[in-house]
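Novice: what's the 3D shape of this:
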Amino acid sequence: MGLCKDMFSKMAMYLTGELTVTSEDYKLLENMNKLTSLKYLEMKDIAENISRNPKALNQKYAALPPYLDQITLIKEQEAALEQAAYKLDAYSKKLEAKYKKLER
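Specialist: Predicted coordinates for the structure are as follows:
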């Protein structure tokens, strides 16, 4: 009977050890799953930030045309003003020449 009791005792120790190892394996897997879940959440945040940047750039780019149109208009007005200044200068030189002729 002692041999049988010893065998059951050793079998119980063996099974306890196996269950402990299995339990530890499950705890390790649980921790790994938690870390993986956190990593995926971090990657999701990064992906959302990346997707926001092009949207912001597109919005800024969409706001540019009115300013570009204003720049074009200013350049056109500048060219017209420059032409008017040249004409005015030429006209004033003609008047000056006529005035000098009349003065003589």
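
Novice: in the chain, which spans are helices?
Specialist: Using DSSP state H, the helices of the chain run over residues 2-103.

Novice: Tell me where this protein is predicted with low confidence.
Specialist: Scanning the chain with the threshold set as pLDDT under 70 gives 1.

Novice: Point me to the residue sitting closest to the centre of it.
Specialist: Centroid-nearest residue in the chain, with Cα atoms, centre = their mean: N53, separated by 2.6 Å.

Novice: For S23, list the residues it contacts.
Specialist: Contacts for S23 were tallied using Cβ atoms under 8 Å, 6 or more residues apart in numbering; there are none. Placement of C-beta: from N, CA and C, glycine included.

Novice: likewise A62?
Specialist: Applying Cβ under 8 Å, 6+ apart, no residues contact A62.

Novice: distance of it from I74?
Specialist: As for A62, its distance to I74 is 21 Å (criterion: Cβ to Cβ, to the nearest Å).

Novice: next one: K98
Specialist: Distance, K98 to I74, by Cβ to Cβ: 36 Å.

Novice: Quick one: distance of stretch 46-66 to the chain centre.
Specialist: Relative to its chain's centre, stretch 46-66 lies at 7 Å (Cα atoms, centre = their mean, to the nearest Å).

Novice: and if you look at stretch 67-76?
Specialist: 30 Å.

Novice: Then stretch 74-85?
Specialist: Worked out by Cα atoms, centre = their mean, stretch 74-85 lies 41 Å from the chain centre.

Novice: CA-only coordinates of that stretch in PDB, if you can.
Specialist: As requested, the backbone C-alpha atoms of stretch 74-85 are provided in PDB (Å, rounded to 0.1, in the frame of the first residue of the first chain):
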ATOM      1  CA  ILE A  74      -1.200  92.300 -58.900                       C
ATOM      2  CA  LYS A  75       1.400  91.400 -61.500                       C
ATOM      3  CA  GLU A  76      -1.000  92.400 -64.300                       C
ATOM      4  CA  GLN A  77      -1.700  95.700 -62.500                       C
ATOM      5  CA  GLU A  78       2.000  96.300 -62.000                       C
ATOM      6  CA  ALA A  79       2.700  95.800 -65.700                       C
ATOM      7  CA  ALA A  80      -0.200  98.200 -66.600                       C
ATOM      8  CA  LEU A  81       1.100 100.800 -64.100                       C
ATOM      9  CA  GLU A  82       4.600 100.500 -65.500                       C
ATOM     10  CA  GLN A  83       3.300 101.000 -69.100                       C
ATOM     11  CA  ALA A  84       1.300 104.100 -67.900                       C
ATOM     12  CA  ALA A  85       4.400 105.400 -66.200                       C
END
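
Novice: Cheers, nothing more for now.
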